[in-house]
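Fold the following and give me the result.
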Amino acid sequence: MAYSTLALVSLEKTINHFLHHNQFSISPHEKQQILSLDKYVVSFLYFLEDFGGKATPLEARIRDVAVEAEDAIEWHMWVKIRYNFRYTLWIAKLIRGIKFIFQLRRVIDQMDSIAAEVVEIKNTIIIEGAKLDDPVGASSSSSQDANAGNSHVVGLDKDLRAIQDWLCGDSRQLQILPVTGMGGIGKTTLATNAFDHPLIMEHFDIRAWVTISQDYSQERLLSDLLDAMKEFDPGMRKKSVAENSQQGNESRGEESNGKEAENSQQGNESRGEESYAVKAHKVHKILIGRRFLIVMDDVWSTEVLDGVKNLFPDYNDGSRVLLTTRLADVASYAASSTSSHEMRLMDADQSWNLLRQKVFAHQDDIPPELETIGREIARSCGGLPLAMVVAAGVLSTTSRTVTSWSKFY
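This next block holds a predicted model:
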């Protein structure tokens, strides 16, 4: 497998270990920097999935910065274990912490630069005329946009059944279920397959999907929720018709002096303070009397949960809120009457089955020599599904020979 992918997978595992191991005390600022770093890791993995082999110099830079980031984190972890005891001078701890933050900041600056080039490449390279969507950084979406047509996912059958059982369970109370796991492990894919399953579609009156970004705001989340549920809001439909009519009027009113637009803007500003309350009331009103499923994808902060906890009415009708997060503290904060669903890394057989499905599709007669090498490549992905998808994309563009495949492990 490409060295850049291996470096990113290794870094993602190190980040996950650092964030969730009780042995390390992490300051809020350290956590913020690590999460910023982690967002780039997953984004670059998706980039390599779509453009692997077409941006070779950039792949080398991604590999180098991933190695540098992992070295910095592992050194900091070792220092915490070696020196982080009660009698260590606080000034020494402070100096080490500041040094670590500066190291992370330097790495993140490099990743910022790479991310800008990634955007440029995505805007200039067309692969087979297809439009490619990056799931990282999206503000809102439907699950159909995120994973259209994906009716079966290798290795997630047990997870999917567990989520379905919970969603359609006997409890009538409103419940929140967090799905947790490291970046690239398949949380969004699992939520998407549950969201779009015919059983779930029939069970709930309303289904809405919103993706939470790190620059979260309550008003933006409310807007995304309303947009996802606009078919159930007569007011939104009327507004859409009115906006279309207004556009037509504007095209015929070029001689207007702009007075009316200025008055309208002033009116909107005077109503700004009540906009949040009005939107919250609309969300609540749409959901009342309906069994609903709300999916909140990629939640980064407990503040999100504080902002929406009073939005969702509980009328003992079996409504559910499903959220995905890579943070254990967010999961434990969200899970009130239920425990979280933690996703595990794939084992050797699951890894090979996923890689085989992506490379060979429905082909049954796989050469034994390629299966041997393929299993080694799958093993090198460390059980991370996204890494195996990236590896499969690279293998699909190479000749199916032992010599060609041997270059990737």
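
Only the C-alpha atoms, please, for stretch 372-385, written as CSV.
What follows is stretch 372-385 as a C-alpha-only set of coordinates in CSV (Å, rounded to 0.1, in the frame of the first residue of the first chain):
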residue,chain,number,x,y,z
THR,A,372,-1.9,-14.2,-0.5
ILE,A,373,-0.4,-10.8,-1.3
GLY,A,374,-3.9,-9.1,-1.0
ARG,A,375,-4.3,-10.5,2.6
GLU,A,376,-0.9,-9.0,3.5
ILE,A,377,-1.9,-5.6,2.0
ALA,A,378,-5.2,-5.7,3.9
ARG,A,379,-3.3,-6.6,7.1
SER,A,380,-1.1,-3.5,6.6
CYS,A,381,-4.2,-1.3,6.7
GLY,A,382,-4.5,-1.9,10.4
GLY,A,383,-8.1,-2.9,10.4
LEU,A,384,-9.2,0.7,9.3
PRO,A,385,-11.9,0.4,6.6
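
Which residues does that stretch contact?
Stretch 372-385 is contacted by residues 1, 5-6, 9-10, 12-13, 155, 182, 184-186, 189, 344-348, 350-352, 354-356, 359, 366, 387-388, 391, 395, 402, 405-406, 408-409 when judged by CB atoms under 8 Å, 6 or more residues apart in numbering. All C-beta spots, glycine's among them, are computed from the backbone N, C-alpha and C.

cutoff 7 Å now
Here stretch 372-385 makes contact (CB atoms under 7 Å, 6 or more residues apart in numbering) with 1, 6, 9, 12-13, 155, 184-186, 345-348, 351-352, 354-356, 387-388, 391, 402, 405-406, 408-409.

Return the subset of those lying in helices.
6, 9, 12-13, 348, 351-352, 354-356, 387-388, 391, 402, 405 (DSSP state H).

Now do stretch 318-327: distance to the chain's middle.
13 Å (CA atoms, centre = their mean, to the nearest Å).

and which of the ones in helices among the contacts of stretch 372-385 is nearest to Y276?
Each of the ones in helices among the contacts of stretch 372-385 was scored against Y276 by CB to CB, and E12 proved nearest at 36.0 Å.

how many neighbours does that closest one have?
Number of residues near E12 (other CB atoms under 10 Å) recorded here: 26.

How about it, nearest residue that isn't a chain neighbour?
What sits nearest to E12 in space, not counting adjacent residues and going by CB to CB, 6 or more residues apart in numbering, is V41, at 5.1 Å.

about what we covered before: using neighbour counts, trim the contacts of stretch 372-385 to the buried set.
1, 6, 9, 12-13, 155, 184-186, 345-346, 351-352, 354-356, 387-388, 391, 405, 408-409 (16 or more other CB atoms under 10 Å).

Ramachandran coordinates for P313?
Backbone geometry at P313, expressed as degrees, to the nearest 10, gives phi -70, psi 150.

Confirm for me that it is in contact with K285.
No: assessed by CB atoms under 7 Å, P313 is found out of contact with K285, at 9.3 Å.

who's more crowded, the two?
Remark: of P313 and K285, P313 carries more neighbours, 16 against 13, as counted by other CB under 10 Å.

what sits against that one?
Counting by CB under 7 Å, 6+ apart, P313 makes contact with H284, L287, I288.

Could you do R344 as well?
For R344, no contacting residues are found, by CB under 7 Å, 6+ apart.

rerun at 8 Å
By CB under 8 Å, 6+ apart, the contact list for R344 reads G181, G383.

Phi, psi for it please.
The phi/psi pair for R344 (degrees, to the nearest 10) reads phi -110, psi 160.

which stretches of the chain aren't confidently modelled?
For the chain, the stretches with pLDDT under 70 are 1-2, 21-25, 52-56, 80-97, 124-153, 234-274, 336-338, 408-409.

max-length helix in the chain?
As assigned by DSSP H, the longest helix anywhere in the chain is helix 90-124.

ok so, going back, ok, the ones in helices among the contacts of stretch 372-385 vs L225, which is closest?
So of those, ranked by how close each gets to L225 (CB to CB), first place is E12, at 30.0 Å.

is it true that the closest one touches I73?
No: taking contacts as CB atoms under 8 Å, E12 lies outside contact range of I73: 11.0 Å.

where's the closest residue to A334 other than its chain neighbours relative to L327, distance?
The spatially closest residue to A334, leaving aside those adjacent along the chain, is P178, at 4.7 Å (CB to CB, 6+ apart). Separation of P178 from L327 (CB to CB, to the nearest Å) stands at 9 Å.

Can you give me the buried ones in the longest helix of the chain?
Those buried within helix 90-124 under the rule 16+ other CB under 10 Å are 93, 96-97, 100-101, 103-104, 107-108, 110-111, 114-115, 118, 122.
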